[in-house]
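# Need coordinates for the following:
(one chain, ligands or ions: 2)
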Amino acid sequence: PFVVTENCIKCKYTDCVEVCPVDCFHEGPNFLVIDPDECIDCTLCEPECPVNAIYPEDDVPAGQEAFVALNAELAQAWPVITTRKDALADAKEWEGKPGKLDLLER
Ligand code: SF4
Ligand code: F3S
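Numbers count the residues shown, from 1 in each chain. Ligands and ions are numbered 1, 2, ... in the order given. Sure thing, here's the model as predicted:
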């Protein structure tokens, strides 16, 4: 499956959700995750993310391996999102900043 990684935190652009043919994105307060049990590896979402937050599970950036389990866990807790919405208000400021995992809201 594909995995949403750190760059999404505090940005949440949501361009990714509209292209998913199996509705596997789930939304939290400042992050989205992919349900690994639903993802069919179609690859459509990966190029949609303006901050390149989406990777195949086997290719997540070094140091971000924890996001694989985090996507699986939070997909069980958060509701499905299928329609694009406005990004978080200060998304631009947070683009590409390191260390955002500590800022993840559940
Ligand atoms: Fe959905 Fe395809 Fe992305 Fe998986 S790879 S989350 S099925 S759009
Ligand atoms: Fe996040 Fe990128 Fe989707 S910022 S909400 S993974 S478009």
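# Please, where are all the helices along this protein?
66-77, 91-94 (DSSP state H).
# Please, where are all the strands along the protein?
Taking DSSP state E to define them, one finds strands in the chain at 2-4, 25-27, 32-34, 54-56.
# Dump these to TSV, plus mean neighbour count, mean pLDDT and distance to ligand 1.
No exception for glycine: its C-beta is placed from N, CA and C like everyone else's. What follows is those, written out as TSV (neighbours: other C-beta atoms under 10 Å; pLDDT from 0 to 100; distance: least, C-beta to the nearest ligand atom, whole Å):
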stretch	mean neighbour count	mean pLDDT	distance to ligand 1
strand 2-4	25	98	4
strand 25-27	22	98	6
strand 32-34	25	99	4
strand 54-56	18	98	7
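# Put together a markdown table for the ones you listed, with distance to residue 75 on each row.
As requested, these are exported to a markdown table (distance: least, C-beta to C-beta, whole Å):
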| stretch | distance to residue 75 |
| --- | --- |
| strand 2-4 | 10 |
| strand 25-27 | 5 |
| strand 32-34 | 5 |
| strand 54-56 | 14 |
